[in-house]
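Peer 1: Show me the folded form of this:
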Amino acid sequence: MSRYRPPAASKSPYITPEGKRALLDEQKSIWLRRREVVAALSAAAAEGDRSENAEYIYRKKELRELDRRIRYLQKRLPDLNVVEQKPANAERVFFGATVRLEDEAGTSVTYRIVGPDEFDREEHYINVDSPLARSLLKRELGEEVEVEVPGGRLCYLIAQISY
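Peer 2: The predicted structure is shown next:
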């Protein structure tokens, strides 16, 4: 069995202004955290035998994870396009829209379409590349939308759109 993994599909380069600020704040806090980890790592390395030094091993792993995230943010942030302008037609669903959907049973759920770097399930932010968001894009208020999801097919009515 090989370890080859095909490259991941490229993510959409769009982000909201709030999402960009959050990523910049995260990058700044990671650099501050990295300083603390490097200091703790050098103190643990000074203790002697590194092969049985749990503190040293833990800090090396933590530093590796911080560096991985820093590299990702340094590559991703310059490529992002901040979408600040509202669309001319507010009756259609575009990036950044908050959409209230109703299913056949009448239950209502609200989602906001955001970039792949800022989606959050707890706040009902969905990735613009997700099947639901792709099926909602460019649809109008009052339209019915069918979404193919792993669990089957869902049907929603677009009840409200806001930006």
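Peer 1: So what's the residue count around the closest residue to E47 other than its chain neighbours?
Peer 2: Leaving aside its chain neighbours, E47 sits nearest to N53 (6.0 Å; criterion: C-beta to C-beta, 6 or more residues apart in numbering). For glycine as for every other residue, the C-beta is placed from the backbone atoms N, C-alpha and C. For N53, the count of nearby residues is 15 (other C-beta atoms under 10 Å).
Peer 1: what's the answer for the one 4 residues further on, then?
Peer 2: By the measure other C-beta under 10 Å, the count of residues near I57 is 13.
Peer 1: and if you look at R139?
Peer 2: Around R139 there are 18 residues (other C-beta under 10 Å).
Peer 1: Distance of the residue nearest to E47 relative to E62?
Peer 2: N53 sits 14 Å away from E62, going by C-beta to C-beta, to the nearest Å.
Peer 1: Adjacent strands (with direction) for the lowest-mean-pLDDT helix or strand in the chain?
Peer 2: With mean pLDDT, DSSP states H and E as the measure, the helix or strand of the chain carrying the lowest mean pLDDT is strand 144-149 (a mean of 89). Here strand 144-149 has these sheet partners by DSSP bridges: strand 152-162 (antiparallel).
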